[in-house]
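K.L.:
Quick one, structure for this:
(chains A and B, ligands or ions: 2)
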Amino acid sequence: MTQAHRRLAFSATGVLFAILGLGALLVPFMTIAANRIVEGDGMRIWNIATPSATLPGLAAVVAGLLLGLPDNMTRARLAGAVMGLAGLVWLLVQGAPALLEGAGAYARVSPATGFWCLLGVFLLLAADALAGMAPGPVMRAELLATAVGVLAAVLWSGALSDLSIMQEYASRRDAFLAATWQHLGLAFGSLAAAAALGFPLGILCHHQIKLRSMTMPVLSFLQTIPSLAMFGLMIPVLAWVGATFPGAQALGIAGIGFAPAFLALVLYALLPVVGNTVAGLAAAPQAARDAALGMGMTPRQRLWRVELPLGLPIILTGLRIVLVQNIGLAVIAGLIGGGGYGTFVFQGLNQTATDLILLGTLPTVALALTAAIFMNIFVDLTRTSTDARND
Amino acid sequence: MIEIKGLTKMYGDVKAVDDVTMTVETGTITVIVGTSGSGKTTLLRMVNRLEEPTSGEVRINGTSTLSVQPHILRRRIGYAIQGHGLFPHHTVARNIAAVPNLLNWPRDKIAARVDELLELFSMDPVQFRDRYPADLSGGQQQRVGVARALASRPDLMLMDEPFGALDPIIRARAQDDLRRIHTKLGSTIMLVTHDMDEAIRLADKIAVMDAGRLVQYGTPAEIITHPATDFVADMVGDVERPLRLLSLIPVSQIMVDGPAEGAAIAADASLRDALSACLWTGRTAVPVERGGGPIGHVTLDAIRACAEFQP
Ligand SMILES: Nc1ncnc2c1ncn2[C@@H]1O[C@H](COP(=O)(O)OP(=O)(O)O)[C@@H](O)[C@H]1O
Ligand SMILES: [Mg+2]
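P.N.:
Numbers count the residues shown, from 1 in each chain, chains lettered A, B, ... in the order given. Ligands and ions are numbered 1, 2, ... in the order given. Down below sits the predicted model:
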């Protein structure tokens, strides 16, 4: 009786995921094209290889969707998500060489709508299951490391090297590595610069209401400038600086390239850094701030001993926002010769080579996601050691 | 000795404190009492320069507070802020150790002092030392706040409604504790409250504030028997005046020799307690004891005589 009862308890999200996932099985899972420019022909999941090759993957996908159905069984749902993801990889690994066989030297295979939908469904299912398990910071760090490790191992093994995006990568390995460093340099460098400027400015604003009421509107305004316009604006400004100040050009300051992109990112980053520093410093209870002065702390001692430790989670949250935002925005640097993954995106757009665009966007998304999760873990760690006690 | 001379604080057009002059003797408890918004907190905060006066000055033992840097001045003055103001990210021990830390006391001396203070406030050091403020009850938080203010053994203590969050029973105990600690340490205490009962119980002298002005400054007995204004009379409460007067006088003061019937009361209990005992048990006299043995008795007539108005 209770068994029957439990079997009936379906999770609403699980049912939704299952419907979406089963629907996605009906649309093309991969495409095969004559070369890297033309549009490919869609292939449904049962057509990409022999039935004996696709069946294990298909079974894993269906089983994964079904495991997501029961309510109150978060471990089963997580297992379902992992199983589904493994099934998807299996299907790609089987499908790519099978489709390429006899298709010509320039033929390309790529994942198609069906694959991307199923990937989304299983990632959401995993996120849903993890939210239900509410793992602590350490556990989340382990999960993140595992996910990154498995992804790296799959890519490294060469099992997916028949996919078009991996062929795009293979033909510009060095450029990809350089773009990775540029992208990280843009995102983390601008974060560091914004922090170096923003913390002191935030601390000053915390003490001087007048300065705050002047600074915050300016920073908010900067934030509202559309990103393309901002990068565009930097070109004449830095071209002028490069032409006017002797030595500036030697430092690499010119109208296009790394410098204007970097500056634009720093300007975007200032509002979250300054805003969250001000908010964080004000987060200490007024009575505690008052008591600190009342017992004989100097304003500087109060800042270091009371206000900063209590505001740290909020300040770090600001850094997280900046990091994720800048990883995304740094793509636009590609447009003004600033390097980074954006280079591939804009090259791909010019050549209408979809997989080259993906070579720029997928690493960007993965990087942003990893950074966000990592920073969240970090914020949580500081929180447990400070103001969680205050709840 | 703390001399407050013509102290005034304006917030815009509002006179929060209006030309207050008073002298606090060394080693006494002075209680500043008044309704909410009457300027008590502001007056107290001008003593340690958390607020700078608009005019007037404060001298401590003859030296103007303006002649010392504020943070140096404040390290010598204990301050228990209204609403405890504990640091949420520090343990109880680290909170209490805050001022000794600022004064660079050696580590073992600080640890010993923390335990001593926790015991003084009836909190087991082993149990409470490493807790965080959020894990304490409101009353415990407030006691830790007071302990923190006492930590460096300051000669002068400023306490702003230190027992505000306590329920009546714990509050009475905390007041007794404070008197006991004060007798032991002999420091000068200025304490703010809106509760006249608390003022009468604790004070050597009471300062009554009304709308920023000091309207009366005198001993509890003076305040009860000769209120200077209607406002002070209101604060004391007309009907309760005789009882309040009795609560100031210890039984030993009007005790006479000889035995009496029924349960005894302690020699240091107040006449109010003795009256209560008479009325409750229908007696006309109660025996008085000290250290477990009878030493005399008080009569209802004698108590009544003490409560009568003598102009
Ligand atoms: N920082 C301030 N700014 C403006 N007005 C204030 C400030 N602090 C206190 N006041 C005003 O001064 C008066 C006295 O306040 P306070 O000393 O806190 O009274 P109490 O402690 O007796 O309740 C009140 O009217 C209050 O509104
Ligand atoms: Mg007050």
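
K.L.:
for the stretch 51-200 of chain B, what spans make up the helices?
P.N.:
B:70-75, B:92-96, B:98-102, B:107-120, B:125-128, B:138-150, B:168-185, B:196-202 (DSSP state H, counting those that start in this stretch).

K.L.:
ranking those by mean pLDDT, which is last?
P.N.:
Lowest mean pLDDT of the helices of the stretch 51-200 of chain B: helix B:168-185, a mean of 85.

K.L.:
Sketch out the low-pLDDT regions of the chain for me.
P.N.:
No chain was given, so I picked chain A. Within chain A, the stretches with pLDDT under 70 are A:1-8, A:384-391.

K.L.:
wait, chain B
P.N.:
When the per-residue scores of chain B are filtered using pLDDT under 70, the ranges that remain are B:310-311.

K.L.:
how is it carved up into domains?
P.N.:
B:2-237, B:249-307 (automatic domain parsing).

K.L.:
so who does residue 115 touch?
P.N.:
You didn't say which chain, so I picked chain A. A:Phe29, A:Met30, A:Leu88, A:Leu91, A:Leu92 (C-beta atoms under 8 Å, 6 or more residues apart in numbering or on different chains). All C-beta spots, glycine's among them, are computed from the backbone N, C-alpha and C.

K.L.:
actually it's chain B I care about, not the one you picked
P.N.:
By C-beta under 8 Å, 6+ apart, the residues touching B:Asp115 are B:Pro125, B:Arg129.

K.L.:
rewinding a little: of all the domains of chain B, which gets the most neighbours per residue?
P.N.:
Most buried of the domains of chain B by mean neighbour count (mean count of other C-beta atoms under 10 Å in any protein chain shown) is domain B:2-237; its value is a mean of 19.

K.L.:
and chain B, which of its residues are near chain A?
P.N.:
By the criterion of C-beta under 8 Å from any C-beta of the partner chain, the positions of chain B lying close to chain A are B:45, B:48, B:50, B:71-76, B:79, B:81-89, B:98-99, B:102, B:132-135, B:145, B:148-149.

K.L.:
again, 6 Å this time
P.N.:
Taking C-beta under 6 Å from any C-beta of the partner chain as the criterion, the neighbours of chain A within chain B are B:50, B:71, B:74-75, B:79, B:81, B:83, B:85, B:87-89, B:98-99, B:102, B:132, B:134.

K.L.:
Check which helix or strand the closest residue to A:Gly136 other than its chain neighbours maps to.
P.N.:
Nearest-residue entry for A:Gly136: A:Asp380, 7.9 Å, with adjacent residues in sequence omitted and distances by C-beta to C-beta, 6 or more residues apart in numbering or on different chains. Assigned by DSSP states H and E, A:Asp380 falls within helix A:354-385.

K.L.:
tell me how far that helix is from the chain's mean position?
P.N.:
With C-alpha atoms, centre = their mean, to the nearest Å as the basis, helix A:354-385 stands 4 Å off its chain's centre.

K.L.:
same thing with stretch A:167-184?
P.N.:
18 Å.

K.L.:
Determine the set of other helices and strands touching the helix or strand where A:Leu143 lies.
P.N.:
Taking DSSP H and E as the criterion, A:Leu143 maps to helix A:137-157. For helix A:137-157, the elements it packs on are helix A:354-385, judged by 3 or more C-beta pairs under 6 Å, 6 or more residues apart in numbering or on different chains; DSSP states H and E.

K.L.:
Give me the angle between the helix it packs on and helix A:137-157.
P.N.:
When axes from the mean of the first three to the mean of the last three C-alpha atoms, to 10 degrees is applied, the directions of helix A:354-385 and helix A:137-157 differ by 160 degrees.

K.L.:
For helix A:354-385, which residues meet the burial criterion?
P.N.:
Within helix A:354-385, the residues that qualify as buried by neighbour count (16 or more other C-beta atoms under 10 Å in any protein chain shown) are A:354-361, A:363-364, A:367-368, A:370-371, A:373-383.

K.L.:
Give the pairing partners of the helix or strand containing A:Ile32; include direction for each.
P.N.:
A:Ile32 is part of strand A:30-33 when elements are defined by DSSP H and E. According to DSSP bridges, strand A:30-33 has the following sheet partners: strand A:41-43 (antiparallel), strand A:108-111 (antiparallel).

K.L.:
So for B:Val208, which of the ones you listed sits nearest?
P.N.:
Distances from B:Val208 to each of the strands paired with strand A:30-33 were compared using C-beta to C-beta; the minimum, 82.7 Å, belongs to strand A:108-111.

K.L.:
That closest one: what's the following helix or strand?
P.N.:
Using DSSP H and E, the next helix or strand after strand A:108-111 towards the C-terminus is helix A:113-133.
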